[in-house]
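Engineer: From the sequence below, what's the structure:
(2 chains)
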Amino acid sequence: MPIKVLAFAGSPRRHGNSELLLDWVLASMSTEREVSIEKIALTEADINPCRGCNACEKLNKCIQHDGMDIYHDKIVEADCIILSSPIYCMGIASQPKALIDRAQVFRSRKYVLRLPIVPPERKGKRLGVFLATAGQKWSYVFDAAVPSVKCFFHVIDIKDADISYLMINGVDEKGAIENHPSAKTGAENLGKTVISEIKTRLAS
Amino acid sequence: MEIKVLGISGSPHRHGNTETLLDSFLEGTHASGGTVEKVILNTLQYSPCRGCNACHKSGDCIVKDDAVILYEKILASDCLAVASPIYTMGITAELKGFIDRQQYLWARKFILKTLYFSDDHIKRHKGIFISTAGLGWDNVFDGAFPVITALFNTTGFEYYDNVIANDMDRYGGVKKHPAALKDAFEKGGKVVGVIEKLKTI
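Structural biologist: Numbers count the residues shown, from 1 in each chain, chains lettered A, B, ... in the order given. Next up is the predicted model:
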């Protein structure tokens, strides 16, 4: 069975800094054997915001039908879930925020209906990665994004210790990240480390 | 003297906890003589920011929709009350999508230098964040504050106050909260008085 990597490129700008960072991670993962990668550009994914209707607390599914229909299942099937986003106005972009809010179905499943997210044999074997870029150089520019990202991973049964972060600030114009001293190496190392850790866990 | 109060509800829910709290704040401003307008984001037609950065050169957004009209309204207001429930530790995607569209104003201020708010202007324009959260955690609003700060900074409002109430799930809604609605009403009344005073100086 190949390791399934599900990657969400959250930026509305295609092939900008946060997507490049993601592409570097995915490229290094793809050099490993037995890895299948699916990348989704959220700006083209037709994922509406959560309506806050709480119907999923009873139905265990979302009553909205849009692009998210297939990703609820794919999120459960994946061994590694990666989310990338630029920082806009001190937070994640609205497209990944919509994805995160639509994970409410998993929150309902886990905390209200008390149902499992993944089968017991896969619990603790999935890893999450959050990649972000910001134009501002402020050290705290990612602070407001991280709590939402943590919620996203928690509700899909990926705990804090299993989330990796690579967040690069001070890159604004398209492609600026290519001149960053450590971003590319960091991304490539992260890709390798994550795949190797999943292999170890799946073998145990 | 007219004090224009603009309330924006960023909740997908009509008449839920957050909008009810906003209503109470707006009633307070109205009772003190404010001219009140309430906008429900969910009823507007706008798309999120595309991140194209075209506004960095032109100072205008290339997307012509209701978001730009609402920003014009914001700039013409004395008091801006922005409301959102907390979803997964942040504001809703609807409100985030709208706030991200302020990039053209940011570009005017910081790149093109065609928009400037004096300290005096900022002092006379008060921004209030209104929010409710189901969870009772102390830090449940922390992810929202920086984004709201960015909105008020870019549009020339002083981040004056929060009208926030957490633990809604335990209370069973804002109407059952012992103080939230009364506080919101009082804060609405007070802020109109404060702006009035500042405008007459």
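
Engineer: Tell me the secondary structure at the closest residue in space to A:Phe8 that isn't next to it in sequence.
Structural biologist: Closest residue to A:Phe8 apart from its sequence neighbours, by Cβ to Cβ, 6 or more residues apart in numbering or on different chains: A:Leu83 at 4.9 Å. Every residue, glycine included, has its C-beta placed from N, CA and C. Of the three states, A:Leu83 takes strand under DSSP: H, G, I helix; E, B strand; the rest coil.

Engineer: what bridges to A:Leu83?
Structural biologist: Under DSSP bridges, the beta-bridge partners of A:Leu83 are A:Phe8, A:Phe130.

Engineer: What is the burial count for it?
Structural biologist: For A:Leu83, the neighbour count with other Cβ atoms under 10 Å in any protein chain shown is 26.

Engineer: quick one: it and A:Ser18, what's the gap?
Structural biologist: 10 Å (Cβ to Cβ, to the nearest Å).

Engineer: got any residues that touch both of those two?
Structural biologist: A:10, A:131 (Cβ atoms under 8 Å, 6 or more residues apart in numbering or on different chains).

Engineer: so what's the residue positioned nearest the centre of chain A up against?
Structural biologist: Geometric centre of chain A, nearest residue: A:Leu83, 2.4 Å, by Cα atoms, centre = their mean. Residues near A:Leu83 by Cβ under 8 Å, 6+ apart: A:7-8, A:10, A:96, A:99-100, A:128-131, A:149, A:152.

Engineer: The helix or strand of chain B with the lowest mean pLDDT and chain A, any residue contact?
Structural biologist: Every helix and strand in chain B was compared by mean pLDDT, DSSP states H and E; the lowest is helix B:168-171, with a mean of 93. No: Helix B:168-171 lies out of reach of chain A by Cβ under 8 Å from any Cβ of the partner chain, never closer than 10.5 Å.

Engineer: and that helix, how far from the chain's centre?
Structural biologist: Averaging C-alpha positions (Cα atoms, centre = their mean, to the nearest Å) puts helix B:168-171 24 Å from its chain's average.

Engineer: Strands of chain A, start to end?
Structural biologist: A:3-9, A:35-41, A:80-88, A:91-92, A:127-133, A:163-168 (DSSP state E).

Engineer: I'd like to know how far the residue nearest to the centre of chain A sits from chain B.
Structural biologist: 12 Å (Cβ to the nearest Cβ, to the nearest Å).

Engineer: which residues does A:Met167 bridge with?
Structural biologist: Residues in beta-bridge contact with A:Met167 (DSSP bridges): A:Ala132.

Engineer: can you pull out the helices in the chain?
Structural biologist: Using chain A. A:17-30, A:56-59, A:68-77, A:94-102, A:104-107, A:145-155, A:183-203 (DSSP state H).

Engineer: was after chain B, sorry
Structural biologist: Using DSSP H, helices in chain B cover B:17-31, B:55-58, B:66-75, B:93-100, B:103-110, B:119-124, B:145-155, B:168-171, B:180-200.

Engineer: Of these, which stretch is the most buried?
Structural biologist: helix B:93-100 (a mean of 28; mean count of other Cβ atoms under 10 Å in any protein chain shown).

Engineer: Excluding covalently adjacent residues, which one is nearest to the residue nearest to the spatial centre of chain B?
Structural biologist: Centroid check for chain B by Cα atoms, centre = their mean gives B:Val82 as the closest residue, at 2.0 Å. Excluding the flanking residues, the one nearest B:Val82 by Cβ to Cβ, 6+ apart is B:Ile8, at 5.1 Å.

Engineer: Looking at strand pairing, list the partners for the one you found.
Structural biologist: B:Val39, B:Val82.

Engineer: What about it, how many residues nearby?
Structural biologist: Counted with other Cβ under 10 Å, B:Ile8 comes out at 24.

Engineer: show me the residues around residue 131 that make contact.
Structural biologist: Looking at chain A here, since you left the chain open. Neighbours of A:Leu131 in contact, by Cβ under 8 Å, 6+ apart: A:18, A:21-22, A:25, A:82-85, A:165-167, A:187.

Engineer: wrong one, I was asking about chain B
Structural biologist: B:18, B:21, B:83-86, B:91, B:141, B:144, B:162-165.

Engineer: Among those, name the ones in strands.
Structural biologist: Short answer: the contacts of B:Ser131 in strands (DSSP E) are B:83-85, B:162-165.

Engineer: Now for those residues: which two are most distant?
Structural biologist: B:Pro85 and B:Asn162 (13.9 Å; Cβ to Cβ).

Engineer: What count of nearby residues applies to residue 91?
Structural biologist: Went with chain A since none was named. Neighbour tally, A:Gly91, other Cβ under 10 Å: 27.

Engineer: Chain B was what I was after
Structural biologist: 32.

Engineer: For it, which non-adjacent residue is spatially closest?
Structural biologist: Spatially, and ignoring its direct neighbours in sequence, B:Ile91 is nearest to B:Ser84 (4.1 Å; Cβ to Cβ, 6+ apart).

Engineer: Any figure for the gap between B:Val140 and A:Leu59?
Structural biologist: 26 Å.

Engineer: do the same with B:Lys182
Structural biologist: B:Lys182 is 36 Å from A:Leu59, by Cβ to Cβ.

Engineer: before we move on, what about B:Leu6?
Structural biologist: In this view, B:Leu6 and A:Leu59 are 37 Å apart by Cβ to Cβ.

Engineer: Centroid-wise, who is the farthest residue in chain B?
Structural biologist: B:Lys57 (27.0 Å).

Engineer: Tell me who's in contact with A:Ile158.
Structural biologist: Contacts of A:Ile158 (Cβ under 8 Å, 6+ apart): A:81, A:126-128.

Engineer: cutoff 10 Å now
Structural biologist: A:75, A:80-81, A:117-118, A:124-129, A:150, A:152 (Cβ atoms under 10 Å, 6 or more residues apart in numbering or on different chains).

Engineer: Check it and give its pLDDT.
Structural biologist: Reported pLDDT at A:Ile158 in the predicted model: 98.
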